[in-house]
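[1] sequence and predicted structure are below.
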Amino acid sequence: MNRYLEKLNYGKEKPGELNEDEFVKFWADLYALFDKIDKNGDGYINFIECCQYLLERKMKHQLSKNDLMAEVKKFFNKVDTDRNGRITLTEFFVKLPDLELQIINKKL
């Protein structure tokens, strides 16, 4: 095993640094969420899939459909950087901090 992997396996040297297990779990969780939203399995999240996923959470957080649609539109405008009507895993990952803020602020 090389020194880099040994360092990952034996702990963190800096606060906020991920070890190997945490890194793998982060990516597995991220991909699982993306895959859960991507209902048709084509490797992209389209507007409808995003709405469907969030509609499942609408009742839990007492959002109206209009509030939900406004948030999805806002999110899509931020995340779909190439404006092709679908979100790739890369776009999703890059804009994840924005999504997290949106979720925290609106309780999606």
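    Everything's here; your move.
[2] so where's the protein uncertain?
    Scanning the chain for pLDDT under 70 picks out 1-15, 59-61, 63, 102-104, 106-108.
[3] please enumerate the strands of the chain.
    Assigned strands in the chain, in chain order: 45-46, 86-87 (criterion: DSSP state E).
[4] the first one - contacts with which helices or strands?
    On a contact count with 3 or more CB pairs under 8 Å, 6 or more residues apart in numbering; DSSP states H and E, strand 45-46 meets strand 86-87. No exception for glycine: its C-beta is placed from N, CA and C like everyone else's.
[5] ok, back up a step: can you convert the strands of the chain into a markdown table and add a column each for mean neighbour count?
    Converted to a markdown table, the strands of the chain look like this (neighbours: other CB atoms under 10 Å):
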| stretch | mean neighbour count |
| --- | --- |
| strand 45-46 | 22 |
| strand 86-87 | 22 |
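[6] tabulate those (a markdown table), appending distance to Asn77.
    Listed next are the strands of the chain as a markdown table, based on distance: least, CB to CB, whole Å:
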| stretch | distance to Asn77 |
| --- | --- |
| strand 45-46 | 14 |
| strand 86-87 | 11 |
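[7] for Val79, find the nearest of those.
    Among the strands of the chain, strand 86-87 comes nearest to Val79, with 5.2 Å by CB to CB.
[8] got a list of what Phe47 touches?
    72, 76, 85 (CB atoms under 8 Å, 6 or more residues apart in numbering).
[9] and which of these is nearest Val24?
    So of the contacts of Phe47, ranked by how close each gets to Val24 (CB to CB), first place is Phe76, at 29.2 Å.
[10] for that closest one, what are its contacts?
    47, 50, 87.
[11] grab the nearest non-local neighbour of the most centrally placed residue in the chain.
    Among the residues of the chain, the one closest to the centroid is Leu96, at 4.9 Å (CA atoms, centre = their mean). For Leu96, ignoring the flanking residues on the chain, the nearest one in space by CB to CB, 6 or more residues apart in numbering is Leu30 at 7.2 Å.
[12] okay, now the one you found: neighbour count?
    Using other CB atoms under 10 Å, the number of residues around Leu30 comes to 14.
[13] the contacts of Phe76 into TSV, with extra columns for distance to Asn105?
    Below are the contacts of Phe76 laid out as TSV (distance: CB to CB, whole Å):
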residue	distance to Asn105
Phe47	21
Cys50	17
Ile87	20
